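1. when you get a sec, could you give me coordinates for this:
(chains A, B, C and D)
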Number of protein chains: 2
Amino acid sequence: MRTGLLVLRTELPDKRRQILNLLYLRDIFRTSFSPRLPEAALAAAVASEIWRIPSNTFETLPNSDPCLGALLSRQLAAQQSRANLHVAAIGSLNGEERVASFLIELALRIGSTSPDGIFFQIPLSRTDIADYLALNADTLSRIMSRLKARGIVVQKTRGRVLIPDGKMLRDLSPITDAIVALHGSAASTQAHHFSALA
Amino acid sequence: MRTGLLVLRTELPDKRRQILNLLYLRDIFRTSFSPRLPEAALAAAVASEIWRIPSNTFETLPNSDPCLGALLSRQLAAQQSRANLHVAAIGSLNGEERVASFLIELALRIGSTSPDGIFFQIPLSRTDIADYLALNADTLSRIMSRLKARGIVVQKTRGRVLIPDGKMLRDLSPITDAIVALHGSAASTQAHHFSALA
DNA sequence: CGGAACGTTGACTGTCATCAATCTCTGTGG
DNA sequence: CCACAGAGATTGATGACAGTCAACGTTCCG
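-> Below you'll find the predicted structure:
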């Protein structure tokens, strides 16, 4: 995909929904990445632009250009790693830690640094965020309220958020380093806000 | 890898452990599949045999043989899909459903069909299973006791288990179909025990 | 036989889900 | 411009499920 943000969403029998994965710029998605779950479907969280490549072409892509093959291989490895990280987040963090981790992820991916801190537009609805973090929407709302009360996040307008101090957020998540490694390119201006060395 | 069973394990600050992924026969693992989490490490659950391939060789493998490239590509897709399925399991199932899903997975992977049902040797310690399912070991023990009381699983000896009736187990997990699709090869004698059509 | 590791079980606690009431935004039409 | 409707978000009261801690069983070693 070229721009935008996609979610891989599924819905189990009892109206239990879960967002399995977020897909960002330059991520690769194949139908076969999605397990055969009921209602599993890709949906655009924000307007997105996608390149479609026929499956055959995709599988023989590396043959045409060795360098492309290596790139592809690394991209897929990074996505696998992100999926594993998400397992760790959902499986071993509590609500607040999950939300903090998610905010760090967004800040690295779509944040822009300003003198006041890191700004970004939250690209998902509350419900989608809750589904992504395996939390209830009500619980998510409560956690966000607590974070706002503590001044860790500041809500500017609907869906627009400011993180005044990356270090405070950093300390709320035990997996910050892994998130930075996977979502913050070395060149990212946001990454250093969360870096342990900063 | 060629034989055995590997676990990708991590351990966060407060002795919270999580098993991110199980690796079975013919699965592919690269260091870069593992997020940079504290203590992230591969460990053998049972004696395992592994092929090591230098990273460069790996990335250029597809160039040497187009057919191999396609195979590789599909294998990686299947593993991605399994990671996503595991997110769904941990994120949206309750304890009993997770355990049922895990038992189905094992039955498909390492079970052998007998007149009495499906037999297998549980290849992980209680603690590891709990970490894989994002449950507490005590809770896991309680759930297993309940399943035994209901006759859904029968414990033969330490770590050796019999599933008398696959259909009963099947109905305990809302994601059975997806598990069968990913872990049961079409040829597997176990797969039909869990199939909706059986 | 004894010790260590692992597993089980019960009583209690804490976190998160559920349900319901209220509030806030956003867009629409008078 | 305001009123209104509807969706989404917030908040509180309550309950269920899983986690914690501690005691006791079991298995498997030397």
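
2. what about the residue nearest to A:Ser32 when sequence neighbours are not counted, distance to DNA strand C?
-> In space, A:Ser32 comes closest to B:Ala77 once its chain neighbours are excluded; the distance is 4.1 Å by CB to CB, 6 or more residues apart in numbering or on different chains. Every C-beta, even on glycine, is put in place using the N, C-alpha and C of the backbone. Using CB to the nearest atom of the strand, to the nearest Å, one obtains 30 Å as the distance from B:Ala77 to DNA strand C.

3. repeat for A:Leu124
-> Relative to DNA strand C, and taking CB to the nearest atom of the strand, A:Leu124 is found at 15 Å.

4. before we move on, what about A:Thr189?
-> In this view, A:Thr189 and DNA strand C are 27 Å apart by CB to the nearest atom of the strand.

5. that residue: neighbour count?
-> As a burial measure, A:Thr189 scores 13 neighbours (other CB atoms under 10 Å in any protein chain shown).

6. can you check A:Leu68 too?
-> A count of neighbours around A:Leu68, defined by other CB under 10 Å, yields 12.

7. that one contacts A:Thr57, correct?
-> No - under the criterion of CB atoms under 8 Å, A:Leu68 makes no contact with A:Thr57, lying 11.9 Å away.

8. pLDDT below threshold where in chain A?
-> Across chain A, the ranges flagged by pLDDT under 70 are A:1-3, A:45, A:47-48, A:62-64, A:186-187, A:196-198.

9. what about the strands in it?
-> If DSSP state E is used as the criterion, the strands of chain A fall at A:3-12, A:16-23, A:41-49, A:112-114, A:117-121, A:154-157, A:160-163.

10. hey, which of these is tucked in deepest?
-> Looking across the strands of chain A with neighbours counted as mean count of other CB atoms under 10 Å in any protein chain shown, the highest average goes to strand A:16-23: a mean of 22.

11. next, the angle strand A:3-12 makes with that strand.
-> Taking axes from the mean of the first three to the mean of the last three CA atoms, to 10 degrees, one finds that strand A:16-23 is oriented at 150 degrees with respect to strand A:3-12.

12. for strand A:16-23, packing partners?
-> Packing contacts for strand A:16-23, counted by 3 or more CB pairs under 8 Å, 6 or more residues apart in numbering or on different chains; DSSP states H and E, involve strand A:3-12, helix A:66-92, helix A:126-132, helix B:66-92.

13. out of the ones you listed, flag the one nearest B:Leu108.
-> Distance to B:Leu108, taken as CB to CB, is lowest for helix B:66-92 among these, at 11.9 Å.

14. okay, buried residues for that closest one please.
-> Judged by neighbour count (16 or more other CB atoms under 10 Å in any protein chain shown), helix B:66-92 contains these buried residues: B:69-70, B:72-73, B:76-92.

15. if we can go back for a sec, now render the strands of chain A as TSV, adding distance to B:Gly166.
-> Written out in TSV, the entries for those read as follows (distance: least, CB to CB, whole Å):
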stretch	distance to B:Gly166
strand A:3-12	20
strand A:16-23	24
strand A:41-49	29
strand A:112-114	54
strand A:117-121	48
strand A:154-157	51
strand A:160-163	48
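
16. of the ones you listed, which is nearest B:Leu37?
-> With CB to CB as the criterion, B:Leu37 lies closest to strand A:16-23 of the strands of chain A, at 17.9 Å.

17. contacts for the closest one, please.
-> Counting by CB atoms under 8 Å, 6 or more residues apart in numbering or on different chains, the neighbours of strand A:16-23 from elsewhere in the structure are A:1, A:5-12, A:29, A:34-35, A:40, A:42, A:45, A:82-83, A:86, A:127-128, A:131-132, A:134, B:84, B:87-88, B:91-92, B:174.

18. can I get that strand in PDB? Just the C-alpha atoms.
-> Extracted as PDB, the C-alpha positions of strand A:16-23 are listed here (Å, rounded to 0.1, in the frame of the first residue of the first chain):
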ATOM      1  CA  ARG A  16     -16.800  -9.800  19.600                       C
ATOM      2  CA  ARG A  17     -14.700  -7.800  17.300                       C
ATOM      3  CA  GLN A  18     -10.900  -7.800  17.100                       C
ATOM      4  CA  ILE A  19      -8.500  -5.800  15.000                       C
ATOM      5  CA  LEU A  20      -5.600  -8.200  14.300                       C
ATOM      6  CA  ASN A  21      -3.200  -5.800  12.700                       C
ATOM      7  CA  LEU A  22      -2.700  -2.300  11.400                       C
ATOM      8  CA  LEU A  23      -1.100  -1.800   8.000                       C
END
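
19. quick one: strands adjacent to that strand?
-> Strand A:16-23 has these partner strands in its sheet, going by DSSP bridges: strand A:3-12 (antiparallel).

20. got the angle between the strand it pairs with and helix B:66-92?
-> Put simply, strand A:3-12 runs at 60 degrees to helix B:66-92, going by the same axes, to 10 degrees.

21. distance from the chain centre to strand A:3-12, please.
-> Relative to its chain's centre, strand A:3-12 lies at 11 Å (CA atoms, centre = their mean, to the nearest Å).

22. what is the neighbour count of the residue lying closest to A:Asn136 once chain neighbours are set aside?
-> Among residues not flanking A:Asn136 along the chain, A:Ala130 sits closest, at 6.1 Å (CB to CB, 6+ apart). The local packing of A:Ala130 (other CB under 10 Å) involves 22 other residues.

23. gap between the closest residue to A:Val87 other than its chain neighbours and DNA strand D?
-> Sequence neighbours aside, B:Leu20 is the residue nearest to A:Val87 in space, at 4.9 Å (criterion: CB to CB, 6+ apart). For B:Leu20, the distance to DNA strand D under the criterion CB to the nearest atom of the strand works out to 16 Å.
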